[in-house]
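Trainee: Sequence first, predicted model second:
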Amino acid sequence: MEGASQQITELLLAWNAGDEQALERLMPLVHDELHRLAHRYMAGERSDHPLQTTALVNEAYVRLVDSSRVRWQNRAHFFAVSAQLMRRILVDFARARQKLKRGGDVVRVTFDEALSISHQPNVALIALDDALKALAALDERKSRVVELRFFGGLSVDETAAVLKVSSITVMRDWAMAKAWLLRELDTER
Amino acid sequence: MTPERWKEIERLYHLAVQQPPGERAAYLTDACGSDAALHAEVESLLRYEQAAAHFIEPVQPEHARSPIASVVAQLRDAAAPGRFAGQRLGSYEVQSLIAAGGMGEVYRALDTRLDRVVAIKILPDHFSEDPERRERFTREARIISSLNHPHICALYDVGVQDGAQFLVMEYIDGETLQDRIQRGPVPLAPALEYLIQTADALDKAHRRGIVHRDLKPGNIMLTRSGVKLLDFGLAARRPASSRAAGKVSTTDSAQTLTVAGTIMGTVQYMAPEQLQGQPSDARSDIFAFGAVGSEMLTGTVAFHGTSQAGLIGAILRDEPTPIADLVPEIPPPLARTLTRCLAKDPDERWQTVNDLLFHLRSLSGWSDVVNVTDRSRPRTSTWRERVAWIAALAAISVGALYWGSRGKLEGESIPTLTRVEFPLSPAEGTLLSGPDVPFALSPDGRYLACLAVGHDGITRLSVQSLGSTDSKLLRGTEGASTPFWSPDSQWIAFFAANSLKKVRISSGLAQTIADRVSTTFSGGSWGVHDDIVFPSFVGTLTRVAANGGPPTDLGIERVFSPHFLPDGRHLLYATPSPPSIRIVTLGEERSQTVMSFPVRISPVAYAAGHVFFVQDGTLYARPFDVQRLGFTGAAVRIADGVPTFTPARAPFSVSNGGIVAYSTYPLGTPAILRWFDRSGRPSGAVDGPQLYRGFDVSADGQRIVFARNSTTGSALWVRDPGSANDTQITFDESFTPQLSADGNRLLFSGPGPAPPPKLFVRNLASDRTSVIATTSVPNFASDWSGDGKSAVSVRIDPTTRLDVWQQLLPKGPEQRLPFNTRFSESQAKISPDNRWIAFGTDRSGRDEVWVADFPSGDNPRALSRDGGSFPQWSAGGKEIVYVTEDKQLVAVPFNDGVAGAPEVLFRVEKLLDIDRIVTPTANPYAATNDGQRFLIAERAHDPNVPPIRIVVNWWASLSR
């Protein structure tokens, strides 16, 4: 693990210094780690709130990056990459699981409170992913803001740094994107 | 939608949001004019604005400071401080006022005798008026002045002058943590350091019996050399005599609350028991510590209340501010460590600051943080879990009824129901781990029997109702292991000491079924004809009537996990040679194989037309026809992550009615390793909590080697002095490590490529491992001979039980030492001069330590007289140490073959119990060669124990 950590730290530094190829080499390394973490998370069938993704990305960070050498901006970039990967991984997992469960008439009973706890994370995650895609078609940046904040666990300031916009813009985007997504996800509507 | 259109929607949305809620509609109508579609779009978004505030929100920005700081500041201003400035108190010249508050005034002063700057705290009048309290205060001050610790503000002197009582303390240049937090949260690295220093200081004080009772940010000074704790043990102490004399029942809280000016500041960090006037102890400091730590990291107080009553209510009732939500960067293990401090019930907190300190220290390196994060969430019984659980049981009652009425109709179509899985956090103290599976579902699926360790450290059975949140501890079940149920779900059978017992759950009445039986920690089963079967000693199938009577040997060997089929006549069991499931008819000696295990031997159980077993971490159910006694289909995956351990143990339990319970936690008892000196004084934890299967210390006490069990099996680790990380040296299942006298070679056991366990030697310098003996019976490393030329081990023999063997290295001749009998001889340790061998044996009917000549093995004689186990040589071979039945360490001088008078060194209440069947030569402690220090494994709470998983309607898995 030490070797990987060093490698990732180097790549992050290189990327931050303008080496775009570093990112390409960085992605698979981070992906593997996130995949492993996410798998463990999903395999546990935790009924946790999906917000645990933040903790996962953080975990990947402390595991992979020598934090003493990487400055704040690097951290934000790392999380930006991770956010994208984490979204993909988690949604893939959720879809795979949905497919598994669809065998019997399993997911249909939505009013059972017990059920909602064990299955909702999958359903919600997939629906959120779909809604985010729709939002991206309309407003790419807002979709990115949600990805970074929700899947990457970035703060408003970090999100702003990654997207190179002001924090106020991020907050406005975030607030409106959430209202938009929530409306999109409201099946009662 | 065109980009322009979207921009317009966005612009209007943000403008509308800025309007007061009551004016939005009008504003929107006005702004949209005749564009009805635009109006509708923005309006519908606005309807979600409120709800979206909490939607997918990763951080709840909650950095607003509590009103406490300002209240305290006001109170300070309201006092009339400073009247002592310029005065002289004894030999102290009071110079200037530093701070003032409800607890008194603090001045900078000069000690004219020593010419040093000191701080003088002058206590408020009401502290000085009561003579009894004054006397006690002086006494306590003396104790505190003895607390010499770099992170405790030193108390130099106490005095009284003109009715004013004062303390003379170390003058500290710095700011209080309270002031620091007002500027925002403290970053992780320094915060962790402050926490460790504070805990270190508390630990020192607690060991001296001094409790702080008023730990708060205002009492923690931050200086260039780290933290300094102030006001130790002086604040709000209840006079013990007034309690004894039955005077007005002043309590910590009541008393503190009456001390003007301390109200808010103190209550904020007070533990629930203090607020309720219940007895408080060191664990109340642990609560305050958690509250301070949480506040330091998040910048916001752990409990909120707009009024004092509200705040007290919040502390008594509410969950603390979730640390991880506020500051996601905080490593989850740290958040958990602090959250555990804040448990309402003191018994659910860290029990000592020392344990807490150990955890904090282990977090102070990132790599360690990650290691800990690897585990699952901590065991927290949340309201949500409970509700979900009860809801699930309501939902499954249909399924249970189905099997209740039709359960015998094997081969019927399986009802299509929904599978639900929940974590179930069992009642407090419940063991998820032990030598055997520590839980069992009742056949009717209504109860879960668990083993639980009480406050007295004794394990008892606890029964948890699955239909409600009730659980009860059953008396008369002390020392229980291997619980299993009667078919009518009315009784639980279990082993305790050398007896098989049963307890009726309705009345709690416990009875002995049979004495002088030995469990293999490999299950038991109670059939419908009230027969009980269990494997005794090396796996001999033994039968006894549930109503009592002599046990009979059924003549079948190597039986693990026997399980009655519903007819009460046929039995399933697992056997290791070859790994398979077999079936036997009671009363017949013939048995037949029904399935071979592809991977590893697993326990077996039958319920609702299926046989359950674990392979490669997955729990399977395979359809089984009890008429034809054969499988009728392929195995179906029920749950993943279920570990298996030799021989044939895995944490799962099944019931009729479609409920399965399983755990992902490895078997074994979590323990912490600590050094103790000869007088029994412990030092900080060295390692753990881990599941140890033996450990050893080199002769010089420098190198430590552990066998730690995990979900992937038991592996050996070495710790060398000066090295930051432990090194894992084996990856296959391996245990019972024994270091050679020079500390460079390691003798250990493990199954290697295939069972049974055999002996290995590893050269730690060259990293080469070699097998030194392959036997047909399990062979466990026990010790090196004194000259390092041969290995001494313990083998399990079906006839002569445990025996001590010696083998010349590398692959020389071997011999069964002549002192062996048909009873057990184990835990052999050779004297450093290679002339004597000490060993444990039960030949007298109880475990005793014996000595014999070595290497001849002649002349065996008893060393202990009143029970003893686990001999170790110390004092350079002039002394043998052993453990008594009530966990005292006893030292016996031993000179030239002659034993002296035994001396009790100390008692280790939480000494780890050793699983003597699975790893007979594992040890709960190790002595250094000089006999001055002991590395001891103490039972400990592992905060990372995952909850038990309950699967309801597992048969829904069949339709996947």
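Mentor: On my side now, so go ahead. These numbers come from a predicted model, not from an experiment.
Trainee: And the average pLDDT for stretch B:123-143 is what?
Mentor: Stretch B:123-143 carries an average pLDDT of 65.
Trainee: With stretch B:321-330 instead?
Mentor: On average, stretch B:321-330 scores 79.
Trainee: and that stretch, which residues are buried?
Mentor: Neighbour counts over stretch B:321-330 (16 or more other C-beta atoms under 10 Å in any protein chain shown) mark B:321, B:323, B:324, B:325, B:326, B:327, B:328, B:329, B:330 as buried. (Each C-beta comes from the backbone N, C-alpha and C, glycine too.)
Trainee: where's the third one, which helix or strand?
Mentor: Looking back up the chat, that one is residue B:324. Take DSSP states H and E as the rule and residue B:324 turns out to sit in helix B:323-326.
Trainee: Mind giving me the packing neighbours of the next helix-or-strand element following that helix?
Mentor: Using DSSP H and E, the helix or strand that follows helix B:323-326 in sequence is helix B:332-341. Using 3 or more C-beta pairs under 8 Å, 6 or more residues apart in numbering or on different chains; DSSP states H and E, the elements in contact with helix B:332-341 are helix B:282-298, helix B:323-326, helix B:353-363, helix B:366-373.
Trainee: Just send those helices back as CSV, with distance to residue A:185 too.
Mentor: As requested, the helices and strands packed on helix B:332-341 are exported to CSV (distance: least, C-beta to C-beta, whole Å):
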stretch, distance to residue A:185
helix B:282-298, 30
helix B:323-326, 22
helix B:353-363, 38
helix B:366-373, 30
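Trainee: Output these as TSV; include the columns distance to chain A.
Mentor: TSV is the format used below for the helices and strands packed on helix B:332-341 (distance: least, C-beta to the nearest C-beta, whole Å):
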stretch	distance to chain A
helix B:282-298	14
helix B:323-326	7
helix B:353-363	11
helix B:366-373	5
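Trainee: ranking those by burial, who's on top?
Mentor: helix B:282-298 (a mean of 26; mean count of other C-beta atoms under 10 Å in any protein chain shown).
Trainee: what element comes up after that one heading to the C-terminus?
Mentor: Counting by DSSP H and E, the element after helix B:282-298 in chain order, helix or strand, is helix B:308-317.
Trainee: so where's the stretch 301-450 of chain B shaky on pLDDT?
Mentor: Within the stretch 301-450 of chain B, the ranges that satisfy pLDDT under 70 run B:306-309, B:364-419, B:425-434.
Trainee: residue ranges of the strands in the stretch 651-800 of chain B, please?
Mentor: Residue ranges of the strands in the stretch 651-800 of chain B, as given by DSSP state E, counting those that start in this stretch, are B:652-654, B:659-662, B:670-677, B:682-697, B:704-710, B:713-719, B:727-728, B:735-739, B:745-750, B:758-763, B:768-773, B:779-784, B:790-797.
Trainee: The fifth one near chain A at all?
Mentor: No. Legend: contact between strand B:704-710 and chain A by C-beta under 8 Å from any C-beta of the partner chain is lacking; minimum distance shown is 14.2 Å.
Trainee: Find the residue closest to residue A:182 in space, skipping its chain neighbours.
Mentor: residue B:48 (4.4 Å; C-beta to C-beta, 6 or more residues apart in numbering or on different chains).
Trainee: list the contacts for that neighbour?
Mentor: Contacts for residue B:48 (C-beta atoms under 8 Å, 6 or more residues apart in numbering or on different chains) come out as A:178, A:179, A:180, A:182, A:183, A:186.
Trainee: in chain A, which spans are strands?
Mentor: Using DSSP state E, chain A contains no strands.
Trainee: Give the buried residues for stretch B:143-155.
Mentor: B:144, B:145, B:147, B:149, B:151, B:152, B:153, B:154, B:155.
Trainee: ok, and what's touching it?
Mentor: For stretch B:143-155, contacts defined as C-beta under 8 Å, 6+ apart pick out B:141, B:156-158, B:167-170, B:172, B:197-198, B:200-201, B:204-205, B:208-210, B:221, B:225-230, B:232-234.
Trainee: What of stretch B:357-364?
Mentor: With C-beta under 8 Å, 6+ apart as the criterion, stretch B:357-364 contacts B:192-193, B:195-196, B:199-200, B:203, B:331, B:333-334, B:337, B:350, B:368-369, B:372, B:672, B:684-685, B:688, B:943.
Trainee: go again using 7 Å as the cut-off
Mentor: Defining contact as C-beta atoms under 7 Å, 6 or more residues apart in numbering or on different chains, one finds that stretch B:357-364 is touched by B:192, B:195-196, B:199-200, B:203, B:331, B:333-334, B:337, B:368-369, B:372, B:684-685.
Trainee: Assign a three-state SS to residue B:882, would you?
Mentor: Here residue B:882 is recorded as strand under DSSP: H, G, I helix; E, B strand; the rest coil.
Trainee: With mean neighbour count added, can I get the strands of the stretch 651-800 of chain B in JSON lines?
Mentor: Shown next, in JSON lines, are the strands of the stretch 651-800 of chain B (neighbours: other C-beta atoms under 10 Å in any protein chain shown):
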{"stretch": "strand B:652-654", "mean neighbour count": "26"}
{"stretch": "strand B:659-662", "mean neighbour count": "26"}
{"stretch": "strand B:670-677", "mean neighbour count": "22"}
{"stretch": "strand B:682-697", "mean neighbour count": "22"}
{"stretch": "strand B:704-710", "mean neighbour count": "23"}
{"stretch": "strand B:713-719", "mean neighbour count": "22"}
{"stretch": "strand B:727-728", "mean neighbour count": "12"}
{"stretch": "strand B:735-739", "mean neighbour count": "27"}
{"stretch": "strand B:745-750", "mean neighbour count": "26"}
{"stretch": "strand B:758-763", "mean neighbour count": "21"}
{"stretch": "strand B:768-773", "mean neighbour count": "16"}
{"stretch": "strand B:779-784", "mean neighbour count": "27"}
{"stretch": "strand B:790-797", "mean neighbour count": "25"}
